[in-house]
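*Asks:* The amino acid sequence is not available; the structure is as follows:
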Ligand code: HEM
């Protein structure tokens, strides 16, 4: 045989024709009893209009979540130092071409707050969307052709992706991880799968949506009260009911209930972001995260004991090691003797909460000067915390150069508590909270 000469197309075709055809999956013509029966689904409210209007409410929220989610990833500056969550750079999906700015100072509180509020607003609407298309999930026969199989796979990715992304996000807000995979890469990559499946879904459904709005109008069905609520005409290719029951709620009744649930959850979540007395109504926020009192009495995700910080390492022997063109070791007293600056800055957490406090400390750029690296290109900040995530972070040149970027020694006029990072912690405007490294032990500045 001549291995170098490829076989002709006709020879390949001939060979393929001779291959035995794979058996088609056989399903009985009659659907089994239960949800696969077209008469099983009785709601007179289901149909393309209902699904289109719920989908149209869901789409903008998903777009906000997608934009702010990718912005959050950019805020972690994955291109710098060890900031990437992904071992060996992951699969290289880091399409960021800008450095995260330090102004406005509430930038990350705003983008991440919007992310979790939009995500929580979307959850009741997502349930309503799934309810509206439920009959389609039990379609019979489950597989009709190769094209149908491809469509079903894309729907499995859409529904599975949506449930995975929303529920891992919701549990992350609770700082609760009942799984043994890493949240960030899973949530991030699942978002790509979900968004790709959604883009395909919306483009495939676009003609159905257009027809539904053309036939029935966008808001006209909302005018009908219960008495005038009629089922959409039956069409076996849609979610309309073959034998609809009499309505027990009008379309507007159903939609206002969903909108009410969504607005209620959104309002409660905004307490997480805005803080103050509103935080008390943040129903979905994690509880008991304020172990300190007095001027240090504000949110904490990681306490000193959970981070394994031994008090002996933060006592009088503690020194801040500065590494650059020169090396220096500074005690807390020496740091306090340097020019001190005070700014009101938020800590904005990836879980969505934020809180603004008054921080006092030494400017990072003064520490860069002390390390012999004025205008440093980046700094690696390392914590006393030996194990676990976020015990170090790399900050960019812009973040070092900002006047308000501090190595904080005090908060609200008193020494930092151990839980808030005593003897010294970083606080930089507009960055994700976890990059404000606590219990700092070493800072390595890179050449400008
Ligand atoms: C999380 C996002 C979404 C999920 C999980 C989802 C899920 C589904 C599923 C499983 C179906 C049934 C399969 C089918 O009819 O082929 C469906 C149908 C449909 N979806 Fe979505 N969808 C989502 C977003 C959207 C959005 C944003 C829109 C509109 C802007 C939309 C509009 C529609 C329409 C018009 C139908 C057909 C309804 C009918 O035939 O009666 N979907 N969706």
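*Replies:* Yes, it's here. As the structure is a prediction and not an experimental result, all values here were calculated from the model.
*Asks:* Tell me how many other residues crowd residue 343.
*Replies:* Number of residues near residue 343 (other C-beta atoms under 10 Å) recorded here: 19. For glycine as for every other residue, the C-beta is placed from the backbone atoms N, C-alpha and C.
*Asks:* tell me the contacts of it?
*Replies:* 358, 359, 404, 406, 429 (C-beta atoms under 8 Å, 6 or more residues apart in numbering).
*Asks:* For the chain, which residues score under the pLDDT cut-off?
*Replies:* 1-6, 16, 21-25, 85-96, 287-290 (pLDDT under 70).
*Asks:* thought residue 418 was touching residue 313?
*Replies:* No: the pair residue 418 and residue 313 fails to qualify as a contact (C-beta atoms under 8 Å) at a distance of 10.6 Å.
*Asks:* Those two: which is more packed in?
*Replies:* The neighbour count for residue 418 versus residue 313, taken as other C-beta under 10 Å, is higher for residue 418 (19 against 15).
*Asks:* hmm, back to that, buried ones among the contacts of residue 343?
*Replies:* Among the contacts of residue 343, those scoring as buried are 359, 404, 406, 429 (criterion: 16 or more other C-beta atoms under 10 Å).
*Asks:* Same list, the residues you listed, but as CSV with distance to the ligand please.
*Replies:* Shown next, in CSV, are the buried ones among the contacts of residue 343 (distance: C-beta to the nearest ligand atom, whole Å):
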residue, distance to the ligand
359, 40
404, 39
406, 42
429, 35
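*Asks:* Out of these, which sit inside strands?
*Replies:* 359, 406 (DSSP state E).
*Asks:* Distance of the residue in the chain positioned nearest to the ligand relative to residue 84?
*Replies:* Going by C-beta to the nearest ligand atom, the ligand is nearest to residue 55 of the chain, at 2.3 Å. Distance check for residue 55 against residue 84: by C-beta to C-beta, to the nearest Å, it reads 34 Å.
*Asks:* Give me the more crowded residue out of the two.
*Replies:* Counting neighbours by other C-beta under 10 Å for residue 55 and for residue 84 shows that residue 55 has the greater number, 22 against 19.
*Asks:* So that one sits against residue 206, correct?
*Replies:* No: using C-beta under 8 Å, residue 55 makes no contact with residue 206, being 10.6 Å away.
*Asks:* Report the contact partners of residue 393.
*Replies:* Residue 393 makes contact with 81, 83, 380, 381, 426, 434, 435, 437, according to C-beta under 8 Å, 6+ apart.
*Asks:* mind listing what the residue of the chain closest to the ligand touches?
*Replies:* 129, 202, 205, 209.
*Asks:* Closest one of the contacts of residue 343 to residue 107?
*Replies:* Nearest to residue 107 among the contacts of residue 343, counting by C-beta to C-beta, is residue 429 at 7.9 Å.
*Asks:* That closest one contacts residue 404, doesn't it?
*Replies:* Yes: counting by C-beta under 8 Å, residue 429 touches residue 404, with 5.0 Å between them.
*Asks:* quick one: common contacting residues for these two?
*Replies:* Residues within reach of residue 429 and of residue 404 at once, by C-beta under 8 Å, 6+ apart, are 102, 105, 343, 345.
*Asks:* how about a markdown table for those, with distance to the ligand and secondary structure added?
*Replies:* Listed next are the shared contacts of residue 429 and residue 404 as a markdown table, based on distance: C-beta to the nearest ligand atom, whole Å; DSSP: H, G, I helix; E, B strand; the rest coil:
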| residue | distance to the ligand | secondary structure |
| --- | --- | --- |
| 102 | 34 | coil |
| 105 | 34 | coil |
| 343 | 41 | strand |
| 345 | 36 | strand |
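*Asks:* The stretch 1-150 of the chain: helices as residue ranges?
*Replies:* Counting by DSSP state H, counting those that start in this stretch, the stretch 1-150 of the chain has helices at residues 9-18, 48-75, 107-137, 146-173.
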